[in-house]
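Undergrad: Quick one: sequence plus predicted model below, questions after.
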Amino acid sequence: MMDYKCFNCEKDISSDYLRKKVRCPYCGSRILYKPRSSVTKVKAR
């Protein structure tokens, strides 16, 4: 499962916790997001 991050305090939140309620357990914020992996840039020829 994908983990989420809190937009306010930047701490990782497991998806298991989010099944119960959509709030950060550390600061109470409701704004969460999925961090993206790094982008690989390819140069065209």
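TA: Nice, I can see it.

Undergrad: Quick one: residues contacting E10.
TA: Remark: with contacts taken as Cβ atoms under 8 Å, 6 or more residues apart in numbering, E10 is in contact with nothing. In short, each C-beta sits where N, CA and C put it, glycine included.

Undergrad: How about the contacts made by R19?
TA: By Cβ under 8 Å, 6+ apart, no residues touch R19.

Undergrad: That one and S38: what is the separation?
TA: R19 sits 28 Å away from S38 when distances are taken as Cβ to Cβ, to the nearest Å.

Undergrad: do L32 as well
TA: Distance, L32 to S38, by Cβ to Cβ: 20 Å.

Undergrad: swap in K11?
TA: In terms of Cβ to Cβ, K11 sits 20 Å off from S38.

Undergrad: Look at these two and report which has more neighbours.
TA: The residue with more neighbours, out of K11 and S38, is K11; 13 against 5, by other Cβ atoms under 10 Å.

Undergrad: I'd guessed that one sits against K5; true?
TA: Yes. K11 lies in contact with K5 (Cβ atoms under 8 Å); the separation is 7.1 Å.

Undergrad: Where do the strands of the protein begin and end?
TA: Shown for the chain, the strands assigned by DSSP state E span residues 4-6, 12-13, 32-33.
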